[in-house]
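*Asks:* With the sequence up front, the predicted model follows.
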Amino acid sequence: MLKVKNTKEMVLEIVQGDPLFVVLQHTPLEEILYNDAYLADINEAKHYTIAEVASWFNSTDAMLRYYLKPFEQYIFDNTTHNANGNIRLNLPAIVKLRMILLLKDEYRVKGIKLLLGIDDNGQLLKHQITATTSDTEELSHKVAVLGNVLHQMMQTGLFQFVPNDGHETLQVNINENFFAHTIQQETLALKQENDHLQQQIFELQENSVKDIVQKIRERHIENEIVSTLRTEALQQFTVNNKVGFFAKMFKSSEIEMEKEQFVLRYISQHLEERLEVALNDYYEK
């Protein structure tokens, strides 16, 4: 369970080197990726249904399938299908899908395909980045780091390096005059950072309103399609199942049950295709 680990560390183990994560880094969306509520209780060894994942992201089954379809090779490396064809996702697949959902409003499907290197045939060009470090290289790296630290200490002006009389060593003294100047600079920097944070808060509030409107519109589109499909199903059922007056009177409950089952099957068969067309039309406007 992720409870025994830091959720940020767990997510980072999954997304290192991922091109979508590179885009999310250093933006407010990165913190959303780390702090989703589902991460607190998810079981790493378990696979989850589309319905379960949709409930975590305040979405619908059909909406998730719409965004899964163009990115099968990218997401399904960590996905298991059961015998009846239902999709089940484990943690890495869920995190990848979450990054797609976070970027969908800004980049749309076409833009995300470009980021992932997916061609017009839906093929994913995979890039592998490998790194090897020998003991000598590691030692050289540590020496370089220490040299860089010493150089930065000298550049700050906080320290004065004075040779010791009669010794081949350096004495490190604190530059007391440095503090007054530093405090003034830090105060100015804090004020600038505060102004920047206030601007970010304003932008986030504005984007939040846009996101809410977007989700409401997507739900409205789906509801309209479901309503249309229900009407079509009822009309088709009526044409295909004409019954007489006495049959309606004595078998009304049975007929109603058959009708509802027919309507549900009809909606299930046609919803995903209709929704995909409607959303494509909406996003391309």
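*Replies:* Nice, thanks for sending it over. Numbering: from 1, shown residues only.
*Asks:* What are the structural domain limits within this structure?
*Replies:* 2-116, 135-175, 180-283 (automatic domain parsing).
*Asks:* deepest of these, which one?
*Replies:* domain 2-116 (a mean of 16; mean count of other CB atoms under 10 Å). C-beta here means a position set from N, CA and C on the backbone, and glycine is covered the same way.
*Asks:* Could you tell me the least trusted of the domains of the chain?
*Replies:* Per-stretch mean pLDDT for these is lowest at domain 135-175 (a mean of 64).
*Asks:* residue boundaries of the strands in the stretch 51-200 of the chain?
*Replies:* 79-81, 87-89, 159-163, 170-174 (DSSP state E, counting those that start in this stretch).
*Asks:* tell me what the second one is packed against?
*Replies:* Think strand 87-89. strand 48-49, helix 50-56, strand 79-81 (3 or more CB pairs under 8 Å, 6 or more residues apart in numbering; DSSP states H and E).
*Asks:* again, only this time at 7 Å
*Replies:* Under the contact criterion of 3 or more CB pairs under 7 Å, 6 or more residues apart in numbering; DSSP states H and E, strand 87-89 touches strand 48-49, strand 79-81.
*Asks:* Give the pairing partners of that strand; include direction for each.
*Replies:* With DSSP bridges as the test, strand 87-89 is paired with strand 48-49 (antiparallel), strand 79-81 (antiparallel).
*Asks:* so how far is it off the chain centroid?
*Replies:* Between the centre of strand 87-89 and the centre of its chain there are 17 Å (CA atoms, centre = their mean, to the nearest Å).
*Asks:* go on, stretch 56-74?
*Replies:* From the chain centre to the centre of stretch 56-74 is a distance of 11 Å (CA atoms, centre = their mean).
*Asks:* got it, and stretch 185-204?
*Replies:* 27 Å.
*Asks:* Make CSV out of the domains of the chain and add distance to Gln123.
*Replies:* Listed next are the domains of the chain as CSV, based on distance: least, CB to CB, whole Å:
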stretch, distance to Gln123
domain 2-116, 7
domain 135-175, 36
domain 180-283, 20
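*Asks:* quick one: the helices in this structure?
*Replies:* For the chain, the helices defined by DSSP state H cover 7-15, 19-24, 28-35, 50-56, 61-68, 72-75, 91-116, 135-156, 177-240, 245-250, 252-283.
*Asks:* Now for the most centrally placed residue in the chain: which residues touch it?
*Replies:* Taking CA atoms, centre = their mean, the centroid of the chain lies closest to Met99, which sits 2.2 Å from it. The contact partners of Met99, by CB atoms under 7 Å, 6 or more residues apart in numbering, come to 20-21, 24, 33.
*Asks:* how about 6 Å then?
*Replies:* Counting by CB atoms under 6 Å, 6 or more residues apart in numbering, Met99 touches Leu20.
*Asks:* And it, how far from Ile255?
*Replies:* The gap separating Met99 from Ile255 is 48 Å, by CB to CB, to the nearest Å.
*Asks:* Over to Asn173?
*Replies:* Applying CB to CB, the value for Asn173 to Ile255 is 96 Å.
*Asks:* Would you mind confirming that Ile225 makes contact with Arg274?
*Replies:* Yes. Between Ile225 and Arg274 there is a contact at 4.8 Å, judged by CB atoms under 6 Å.
*Asks:* Next, Gly117: phi, psi?
*Replies:* phi 70, psi 40 (degrees, to the nearest 10).
*Asks:* Just give me the neighbour total for it.
*Replies:* Per other CB atoms under 10 Å, the neighbour tally for Gly117 reads 13.
*Asks:* any idea how far Val15 lies from Glu272?
*Replies:* 28 Å.
*Asks:* Asn6 too?
*Replies:* In terms of CB to CB, Asn6 sits 37 Å off from Glu272.
*Asks:* show me what contacts Tyr48?
*Replies:* For Tyr48, the contact set (CB under 6 Å, 6+ apart) comprises Leu89.
*Asks:* can you tell me how far it sits from Ile94?
*Replies:* With the distance defined as CB to CB, Tyr48 ends up 7 Å from Ile94.
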